[in-house]
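Q: Using only what follows, build the 3D model:
(chains A and B)
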2 protein chains.
Amino acid sequence: MKIAQVAPLHESVPPKLYGGTERVVHNLTEELVRKGHEVTLYASGDSTTSARLRPCCDEALRMNPECQNTVVHHVLMLERLFQDAREYDIIHFHVDYIHFPLLRRLDVAGLTTFHWRLDLPDFLPIACEFRELPVTSISFSQRRPLPQMNWVGNVYHGLPPESLRYEPKPEGYLAFLGRLSPEKGIEEAVEIAKRTRMPLKIAAKINDFERDYYEDILRPLFRHSLVEFLGEIDDSQKSGFLGNASALLFPIKWPEPFGLVMIEALACGTPVIAFPNGSVPEVLRHGVSAWIVDDVDRAVDAVGCLGMLSRRRCRAEFERRFTSEVMAENYLRIYERILSQRQQRAGGGKWTRSSKLPGNTTFSQRPH
Amino acid sequence: MKIAQVAPLHESVPPKLYGGTERVVHNLTEELVRKGHEVTLYASGDSTTSARLRPCCDEALRMNPECQNTVVHHVLMLERLFQDAREYDIIHFHVDYIHFPLLRRLDVAGLTTFHWRLDLPDFLPIACEFRELPVTSISFSQRRPLPQMNWVGNVYHGLPPESLRYEPKPEGYLAFLGRLSPEKGIEEAVEIAKRTRMPLKIAAKINDFERDYYEDILRPLFRHSLVEFLGEIDDSQKSGFLGNASALLFPIKWPEPFGLVMIEALACGTPVIAFPNGSVPEVLRHGVSAWIVDDVDRAVDAVGCLGMLSRRRCRAEFERRFTSEVMAENYLRIYERILSQRQQRAGGGKWTRSSKLPGNTTFSQRPH
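A: Numbering: from 1, shown residues only, chains lettered A, B, ... in the order given. So this is what the prediction gives:
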């Protein structure tokens, strides 16, 4: 199959450091190439890929101090993509909604995966307008605010199984990996560590917009002797950081659309202690790969029960549900379904408001 | 003629307070309606217009605390516009470049006016890609960084002549009106006031991103007894504020694309003391409506020579070159030229790379 993957330009593919969407696009692209498909990747020029790269800006926009306007580069990417569109059987968009008016008017097969939360009020009018375009979610929780859209599938993220090493014997600390924002539950993570007297290692980048929060609230908390703040870590450090932890703390207070770090922990054999928001109850299995708990009190209890969770079963959960191969096979099934629906339609014309696929969900990866 | 005007959604049309682009779109729209054209305005739902309004969000995005993403609303506006596109003879875009990939692919006559500076590196690839689309500048200075585009005209902004009152006798103070940023020359304005011992009245909004600059640098400067800071003023206050001033100070240090406040001052009969950056040498006439000077020393001299500039001639400059009617007539000439070029082309098809209008500039309002 001739497939175009369209990535955001904020980070390279794969990202140098943080950047969940670009990492997933990379994993999907590599796996599709491995399966013998002809894949073209639209991404920043400093990306590294086994596919054919169509660079749409010289370097990742976050890395470019001269970049003051990110929209302009994405508009240019769409132009280049739609110039090439007839070369592809299907185009898979990972750039939200900016392509919707163009996609609706052109005779190309397109699938859009949303990578971000969909519960912000800005988004509702777009969802109501473009309800015929085929879209996929990365968790059922993510799609809940917008039932009117044409959900043709749900596909969980996946990682290459060799990218993170299974570690049977942890070193006895708790780990926190992610943005240092209140919604990620960093204060709760410190509280859990203090009350269980377990060391807590924190790996995170500090965004400019979170700098005040870090200086005012977190820096004093991080002075505690049990807490070790490592800054942002790269891929080579991740396996050791997560694999040597007794558990990943994920006490989130927001509707996480997926939460890549959960499956990264599972890949290392590390169970997760998480609050049941967003995708958490779909990605994790309480009593198998995680303790899903409602508050800090119960998280403290859960730390005492980590011995009841098998690290081997955590890794097995990862291998069964969250590898790149599982993800790619799920997407391929959706691509094929979209293409056969297009062929069946008389004339094979454009997507229209009446061309919604039958059934609300063509193919979906179910939780558990 | 059936004309669509497409405004940004950040402010209403006209804007409640600051908002140069939305104000100009309002003036143009009202004048086109007055001349008997059928005009449809795409703008925020709290806009007020004599044209038919197609609301594209409930209220101006800057006024909506729930709005976290402005791009999504502009994408939706484009969708609605292109659904209606065949109703219009011509569509006039004031929203930068976000519509370019769509416009290129659809059989509609479109004109784009750029309202912002064009010298940022992000913009160059867009200009190289979309070089056949007809565009206009708001000053020759503005277009200089991008000679490769299809400039079909230059049209200066215009105001309704009755919107600002001619004031023959000023009260003897200097005025500053605009953003409180270093590039607007606010520190230089205070310096000029102190050295000439003339009172300086300042009307300006403080943007969030300029708050630190205001607190650290400007607030101490504004404590001087000659300086009076009025905050942001509305339209009803503007005529008195500008008209009673002996001169407007405009010591800018950036490539101002147009600078609406200059012609607002002229409409009141108030001359301008300005630095020769951006559009200044095109909009103002040294020795007639302004003293165009290179630095603070010469600006101080110029304050002493204000008596040599006739306030009546300042108003006459405004009436000859910068009314809404002059602006609308200039745009109408460009619309007609675009439409007749389309008719002449065999089949009247889409814009293509080879359909650039002959001559770099079909119609342009010349400086002076």
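
Q: C-alpha from now on. contacts and neighbour counts both.
A: Noted.

Q: Please confirm that residue A:168 is located within a strand.
A: No: under the criterion used here (DSSP: H, G, I helix; E, B strand; the rest coil), residue A:168 is coil, not part of a strand.

Q: Look up the pLDDT of it for me, please.
A: pLDDT, residue A:168: 96.

Q: Ok, residue A:343 next?
A: 87.

Q: do you know how far it is from residue A:331?
A: 19 Å (Cα to Cα, to the nearest Å).

Q: Could you check which of these two is surrounded by more residues?
A: When neighbours are counted by other Cα atoms under 10 Å in any protein chain shown, residue A:343 and residue A:331 differ, and residue A:331 comes out ahead with 24 against 12.

Q: So what touches the strand or helix carrying that one?
A: Per DSSP states H and E: residue A:331 is located in helix A:324-344. Outside helix A:324-344, the residues that touch it by Cα atoms under 8 Å, 6 or more residues apart in numbering or on different chains are A:27-28, A:31-32, A:89-90, A:109, A:111, A:152-153, A:155-161, A:320, A:348-349, A:357, A:362-365.

Q: secondary structure class for the closest residue to chain B within the stretch 151-300 of chain A?
A: Closest contact between the stretch 151-300 of chain A and chain B, by Cα to the nearest Cα, is at residue A:209 (12.1 Å). Following three-state DSSP, residue A:209 is assigned to helix.

Q: thinking residue A:140 is in contact with residue A:155, fair?
A: No: assessed by Cα atoms under 8 Å, residue A:140 is found out of contact with residue A:155, at 9.3 Å.

Q: quick one: which of the two has more around it?
A: residue A:155 (24 against 21).

Q: Surely the more buried one and residue A:136 touch.
A: Yes: taking contacts as Cα under 8 Å, residue A:155 lies within contact range of residue A:136: 7.1 Å.

Q: ok, now how distant is the residue of the stretch 151-300 of chain A closest to chain B from residue A:215?
A: Distance from residue A:209 to residue A:215, by Cα to Cα: 12 Å.

Q: same thing with residue A:297?
A: Where residue A:215 is concerned, residue A:297 sits at a distance of 27 Å (Cα to Cα).

Q: follow-up on the earlier one: are any of the contacts of helix A:324-344 buried, and which?
A: Applying 16 or more other Cα atoms under 10 Å in any protein chain shown to these, the neighbour count classes A:27-28, A:31-32, A:89-90, A:109, A:111, A:152-153, A:155-161, A:357, A:362-365 as buried.

Q: just to revisit the earlier point, and the residue of the stretch 151-300 of chain A closest to chain B, how many residues sit next to it?
A: Neighbours of residue A:209 using other Cα under 10 Å come to 9.

Q: repeat for residue A:57
A: Applying other Cα under 10 Å, I find that residue A:57 has 20 neighbouring residues.

Q: Now it: closest residue in space that isn't a chain neighbour?
A: Nearest-residue entry for residue A:57: residue A:44, 5.1 Å, with adjacent residues in sequence omitted and distances by Cα to Cα, 6 or more residues apart in numbering or on different chains.

Q: can you check residue A:69 too?
A: residue B:122 (6.5 Å).

Q: tally of neighbours for the one you found?
A: For residue B:122, using other Cα under 10 Å, the count is 18.

Q: what do you get for residue A:316?
A: Neighbourhood size, residue A:316 [other Cα under 10 Å]: 16.

Q: Which residues are in contact with it?
A: Residue A:316 neighbours (Cα under 8 Å, 6+ apart): none.

Q: Quick check: it vs residue A:364, distance?
A: Distance from residue A:316 to residue A:364, by Cα to Cα: 21 Å.

Q: Residue A:78 now?
A: From residue A:78 to residue A:364 the distance is 28 Å (Cα to Cα).

Q: Break chain A down into its domains, please.
A: Following automatic domain parsing, chain A resolves into domains at A:2-160+A:324-345, A:163-321.

Q: Take the ones you listed and write them to JSON lines, including distance to residue B:10.
A: Converted to JSON lines, the domains of chain A look like this (distance: least, Cα to Cα, whole Å):
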{"stretch": "domain A:2-160+A:324-345", "distance to residue B:10": "14"}
{"stretch": "domain A:163-321", "distance to residue B:10": "22"}
